[in-house]
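Participant: pasting a predicted model and its sequence here:
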Amino acid sequence: MIINGNAPLSRQAGSSSNAATEVNNTIFFGGNNTTDNSGIVNYVKLEYTGARIDDESEHNGLTLNGVGNGTTISNIMIINGDDDAIEFFGGTVNASNILVINAKDDMFDFTQGYAGTCTNLYGVRESSYTAVTSDPRGIEADGNLDGNSPTDINQSVFTVNGLTVINDGNAVQMSDAVKVRRGATATITNAYIALGPGATYSDFIDLDDSKGTATMATSITAVGNPANGLDITDNKNTVGATINTSSGATGGADTSAFAWTGYSFN
């Protein structure tokens, strides 16, 4: 499912705030309308949506291209999606109550100047799910598209309130539970991260990248469940942003918001 809006993207100073979609370079999105309204998407299940065309081109379970904050994105379940479950390419849209079950790549992806707030995000890779890319993550966030325009203005500055990331996939190592990089600024509060038996992450929180770190203004507060070997000290943060971690077995997204889906939470 792809929605193309007219809200701002990261860009070079003096250039236009629009871009071609990855799946068709004759279709454009983005603009200057932060309050752009693309309608209402509410109480929707998306199953087996998205496709990876090649390493540089894909569409996702739900792709939001330059979507403005006049749009409503809420109460969404994305199951067995390819590539990412949900990706925000710029825009200002806010999203709430997003449930991701088994994303082939990232659960929640932000790039190209996304400037909104997401509330109550829950992602899980189930133990039976083995489809995977080379670097699946809970959160992946870039300031500019693919880190190729580090001097862009209006790079990603976004907020996530209430996040759960669980890797139960013991046949697959996920990459970072949370990855923020390439000029992005993230404020993430009330995050909860856990592992199932035999499952792993390459890092708990990683703010470093060869194409640029997260900004120093990034702030992440996360609880990690120490069961099954999760190491909450396994962080990369050369930029000196704020990372507050603690051990525990509670926190994160409110699963009662997903009762309508019928999904059984462990």
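Facilitator: Sure thing, it's come through. Because the structure is predicted, anything quoted here is derived from the model rather than measured.
Participant: in the stretch 151-266 of the chain, which spans are strands?
Facilitator: 157-167, 173-174, 178-181, 185-195, 200-201, 205-206, 219-224, 235-236, 242-247 (DSSP state E, counting those that start in this stretch).
Participant: hey, least reliable of the ones you listed by pLDDT?
Facilitator: When the strands of the stretch 151-266 of the chain are ranked by mean pLDDT, strand 173-174 comes last with a mean of 90.
Participant: before we move on, back to that, indicate which one of the strands of the stretch 151-266 of the chain is closest to residue 133.
Facilitator: Across those, residue 133 has its closest neighbour in strand 173-174 (10.4 Å, Cβ to Cβ). Every C-beta, even on glycine, is put in place using the N, C-alpha and C of the backbone.
Participant: that closest one - contacts with which helices or strands?
Facilitator: With contacts defined as 3 or more Cβ pairs under 8 Å, 6 or more residues apart in numbering; DSSP states H and E, the packing partners of strand 173-174 are strand 200-201.
Participant: for the strand it packs on, give me every contacting residue.
Facilitator: Contacts to strand 200-201, defined as Cβ atoms under 8 Å, 6 or more residues apart in numbering, come from residues 167, 173-177, 193, 195, 229-230, 234.
Participant: quick one: buried ones out of the residues you listed?
Facilitator: Among these, the ones that count as buried by 16 or more other Cβ atoms under 10 Å are 167, 174-177, 193, 195, 230, 234.
Participant: closest one of the contacts of strand 200-201 to residue 134?
Facilitator: Nearest member of the contacts of strand 200-201 to residue 134, counting by Cβ to Cβ, is residue 175, at 8.3 Å.
Participant: what about that closest one, distance to residue 109?
Facilitator: 12 Å (Cβ to Cβ, to the nearest Å).
Participant: any idea how far the nearest residue to residue 171 once chain neighbours are set aside lies from residue 172?
Facilitator: Of all residues not flanking residue 171 in the chain, residue 130 sits nearest, at 5.0 Å (Cβ to Cβ, 6 or more residues apart in numbering). Going from residue 130 to residue 172 by Cβ to Cβ gives 6 Å.
Participant: taking the centroid of the protein, which residue is nearest it?
Facilitator: residue 108 (2.1 Å; Cα atoms, centre = their mean).
Participant: per-residue confidence for that residue?
Facilitator: On the pLDDT scale, residue 108 gets 99.
Participant: distance of it relative to residue 31?
Facilitator: Taking Cβ to Cβ, one finds residue 108 at 24 Å from residue 31.
Participant: doesn't residue 146 belong to a helix?
Facilitator: Yes. Residue 146 sits within a helix when classified using DSSP: H, G, I helix; E, B strand; the rest coil.
Participant: who's in contact with the nearest residue to residue 252 once chain neighbours are set aside?
Facilitator: Using Cβ to Cβ, 6+ apart and skipping the chain neighbours, the partner closest in space to residue 252 is residue 192 (2.8 Å). By Cβ under 8 Å, 6+ apart, the contact list for residue 192 reads 163-165, 222-225, 248, 250-253.
Participant: ranges for the helices of the stretch 1-150 of the chain?
Facilitator: With DSSP state H, counting those that start in this stretch as the criterion, the stretch 1-150 of the chain has no helices.
Participant: would you enumerate the residues in contact with the closest residue in space to residue 20 that isn't next to it in sequence?
Facilitator: Once flanking residues are discounted, residue 20 sits nearest to residue 28: 5.6 Å by Cβ to Cβ, 6+ apart. By Cβ under 8 Å, 6+ apart, the contact set of residue 28 is 4, 18-21.
Participant: tell me, what's the model's pLDDT at residue 28?
Facilitator: For residue 28, pLDDT reads 96.
Participant: pipe the strands of the stretch 151-266 of the chain into a markdown table and attach distance to residue 150 per row.
Facilitator: Formatted as a markdown table, those follow (distance: least, Cβ to Cβ, whole Å):
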| stretch | distance to residue 150 |
| --- | --- |
| strand 157-167 | 15 |
| strand 173-174 | 26 |
| strand 178-181 | 11 |
| strand 185-195 | 14 |
| strand 200-201 | 27 |
| strand 205-206 | 18 |
| strand 219-224 | 21 |
| strand 235-236 | 18 |
| strand 242-247 | 22 |
